[in-house]
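K.L.:
let's see this in three dimensions:
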Amino acid sequence: MDCTDGEAPSFTPTQDAFCPAYDTRGGSGGPQCSAHGDFCFFCEYAESPADGDAVGQLKALARELAAAKKELPIIVSAVFRAYEGGVRQSIEWTDNAGKVVVAPEWSLDAIRRHLTFSNEFSGLFHNTVDHIFQSLISRLNDTVVDRETGLVHDEHRKALVDTIRQYSAWERHTKGVTLSSRRKK
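P.N.:
Numbering: from 1, shown residues only. Now for the predicted structure:
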């Protein structure tokens, strides 16, 4: 294409230029565990009352910390330390290439990914969204008034008010989700 006339080139991507937000085939599209080749203890092992139920204990730890509204990095770190200190040395995992890995590493990224994007810990995703909104609101609030003039910066004020409005909508949505799920039980 000749772009010498000053016009921006026209580009229409083909379907193969895109990938799914969530790949249900287990491919590399999306944030879920199945889109990554690294080890995830929660994905590989099921809860079982036999042999001390290490999976159940680690999941209970994550749920307990989430219920206490702890931040995601703190929960990830606690699960990681518990895995490293009490579980890792007792397991083996067969990777996608068929290689048996003794005491596989369960990385902080893999733990964070599972806790955030697994439906079994949906409350953690909601907590993370709350933290994102709270962080944005705090940062926007810090920029609303011009230090020199004392005047309100209108674009920043609008962004702050809009973010607060969106957060309020998010809170109403999650409250409705929580109430409707309680009614079903």
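
K.L.:
CA only for contacts and neighbour counts going forward, please
P.N.:
Will do.

K.L.:
am I right that Thr149 sits in a strand?
P.N.:
No. Assigned with DSSP: H, G, I helix; E, B strand; the rest coil, Thr149 falls outside any strand and is coil.

K.L.:
how close does it sit to Thr143?
P.N.:
13 Å (CA to CA, to the nearest Å).

K.L.:
more neighbours, those two?
P.N.:
Taking neighbours as other CA atoms under 10 Å, Thr149 and Thr143 compare with Thr143 leading, 15 against 8.

K.L.:
surely the more buried one is in contact with His156?
P.N.:
Yes. If you go by CA atoms under 8 Å, Thr143 and His156 touch, sitting 6.5 Å apart.

K.L.:
center of the chain - which residue?
P.N.:
Thr116 (3.2 Å; CA atoms, centre = their mean).

K.L.:
run through this structure and note the low-pLDDT ranges.
P.N.:
Across the chain, the ranges flagged by pLDDT under 70 are 1-11, 20-30, 49-52, 177-185.

K.L.:
that one: strands as residue ranges?
P.N.:
For the chain, applying DSSP state E gives strands covering 92-94, 100-102.

K.L.:
adding mean neighbour count and distance to Glu64, write these out as JSON lines.
P.N.:
As requested, the strands of the chain are exported to JSON lines (neighbours: other CA atoms under 10 Å; distance: least, CA to CA, whole Å):
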{"stretch": "strand 92-94", "mean neighbour count": "14", "distance to Glu64": "27"}
{"stretch": "strand 100-102", "mean neighbour count": "13", "distance to Glu64": "29"}
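
K.L.:
Leu136 is nearest to which of those?
P.N.:
Distance to Leu136, taken as CA to CA, is lowest for strand 92-94 among those, at 40.5 Å.
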